[in-house]
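# Sequence and predicted structure below; questions after.
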Amino acid sequence: MLQQVNGHSSGSDAQGGGSLRKDLQKFLSGEAPLHQLDDLTKVNPVTLETVLRCLQARYAADTFYTNAGCTLVALNPFKPIPQLYSTALMREYHAAPQPQKLKPHIFTVGEQTYRNVKSLIEPVNQSIIVSGESGAGKTWTSRCLMKFYAVVAASPTSWESHKIAERIEQRILNSNPVMEAFGNACTLRNNNSSRFGKFIQLQLNRAQQMTGAAVQTYLLEKTRVACQASSERNFHIFYQVLAGLLHLGNIRFADSEDEAQPCQLMGDAKCEDRVGACVSGFDHTPREQGTPHLEKG
Ligand SMILES: Nc1ncnc2c1ncn2[C@@H]1O[C@H](COP(=O)(O)OP(=O)(O)OP(=O)(O)O)[C@@H](O)[C@H]1O
């Protein structure tokens, strides 16, 4: 780090800064293209600029996973890439003698963790922490891990075991719409932002086959029920209940003779606005023309 002395760099630090800049230039104009660096520990010198340039180059080359020592950095591609999450690829990482030698991927983390359980005589619980800012892809990544374990943590020879693992995965995934209804909301960063933390526990038997799962939630952002930032929304459930009422034909709009049409919660933007307005119609401020009111259908 450069130290400032009365607004100027001190002599030795200025020299150090000069050499750092040279190293930086050398690294950035180096022969090896930046996108080929699959581990951030190989970045030298390690500065915010070099790390970000490396990740940017990899992102531009459609490479979304990068190792950083034993941590995996995942970039959100914001587009579907089915081949990156195919069952065939899961099996490839699972079967690889050294999965860490394959391209960085969330499946490497999943497989290494799975092998840690397998390799120990007295198995020790393993944890994977998925963290990041809102919209980074944590929920997506957790789902990928569950799908991965549903494929690998089942006996390859037993159809029964395979079905159990699939059923457990399916049950967890099926619980998502309910949990997301009560715990997710549309924010400025993410249309389906989880406003709570989730601890998902996958249980394995002695043969390392998935036998059960448990989900615990914590830190729900309860204040959102009473107030939301401008252009953000309340929890999905409120809009879904109203969408349900619209579907039953119980709500009419004050300025319209037409019966309100049922709408897809996240689909029809115009209808979403109406449902959004409908919620604000419940408060005690005077109703503007066009805001809906409840009446018998
Ligand atoms: N690997 C990926 N491939 C394709 N799309 C992705 C990927 N990761 C994330 N996304 C997209 O980004 C969106 C936001 O991701 P996600 O909901 O997982 O973020 P999050 O970190 O859980 O956010 P929050 O903390 O707000 O809940 C997803 O709806 C999905 O469309």
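Here it is on my side, so go on. Since the structure is predicted, the reported quantities are computational estimates derived from the model, not experimental observations.

# Any idea how many residues pack against Trp52?
Wrong residue type there; residue 52 is Leu, not Trp. Applying other C-beta atoms under 10 Å, we find 10 residues neighbouring Leu52. All C-beta spots, glycine's among them, are computed from the backbone N, C-alpha and C.

# swap that for Ile237, please
16.

# And it, how close does it get to Leu20?
Distance of Ile237 to Leu20, given as C-beta to C-beta, to the nearest Å: 53 Å.

# So for Pro262, what's the pLDDT?
pLDDT, Pro262: 38.

# and the stretch 101-250 of the chain, which residues reach the ligand?
Proximity of the stretch 101-250 of the chain to the ligand is confined to 132, 134-140, 190, 192-194 under the rule C-beta under 6 Å from any ligand atom.

# Next, give phi and psi for the closest residue to His105 other than its chain neighbours.
Of all residues not flanking His105 in the chain, Tyr65 sits nearest, at 5.1 Å (C-beta to C-beta, 6 or more residues apart in numbering). Tyr65 has phi and psi values of phi -120, psi 140 when expressed as degrees, to the nearest 10.

# Would you agree Tyr65 is in contact with Leu72?
Yes. With contacts counted by C-beta atoms under 8 Å, Tyr65 reaches Leu72, the gap being 6.1 Å.

# okay, and the common contacts of these two?
104-106 (C-beta atoms under 8 Å, 6 or more residues apart in numbering).

# Between these, which sits nearest the ligand?
Ile106 (8.1 Å; C-beta to the nearest ligand atom).

# contacting residues for the closest one?
Contacts of Ile106 by C-beta under 8 Å, 6+ apart are 65, 72, 74, 141, 144-145, 148.

# how about the strands in the stretch 51-200 of the chain?
With DSSP state E, counting those that start in this stretch, the ranges of strands along the stretch 51-200 of the chain come out as 65-68, 71-74, 184-185, 193-194, 197-204.

# can you list contacts of the helix or strand containing Ala213?
Counting by DSSP states H and E, the element that carries Ala213 is strand 210-218. Applying C-beta under 8 Å, 6+ apart, the contact partners of strand 210-218 are 149-150, 153-154, 164-165, 168-169, 171-172, 175, 179, 183, 196-205.

# these two touch, right, Val130 and Arg143?
No. The criterion here is C-beta under 8 Å, and Val130 misses it with Arg143 at 10.3 Å.

# on that earlier part again, the shared contacts of Tyr65 and Leu72 in helices, which ones?
Ile106 (DSSP state H).

# JSON lines please, covering the shared contacts of Tyr65 and Leu72 and showing pLDDT.
As requested, these are exported to JSON lines (pLDDT from 0 to 100):
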{"residue": "Pro104", "pLDDT": "98"}
{"residue": "His105", "pLDDT": "98"}
{"residue": "Ile106", "pLDDT": "98"}
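
# Make TSV from the shared contacts of Tyr65 and Leu72 and add distance to Lys26 to it.
Formatted as TSV, these follow (distance: C-beta to C-beta, whole Å):
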residue	distance to Lys26
Pro104	25
His105	30
Ile106	33
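
# still on that earlier bit, can you give me how far the strand holding Ala213 is from the chain middle?
18 Å (C-alpha atoms, centre = their mean, to the nearest Å).

# swap in stretch 113-128?
Its chain's C-alpha centre and that of stretch 113-128 lie 24 Å apart, by C-alpha atoms, centre = their mean.
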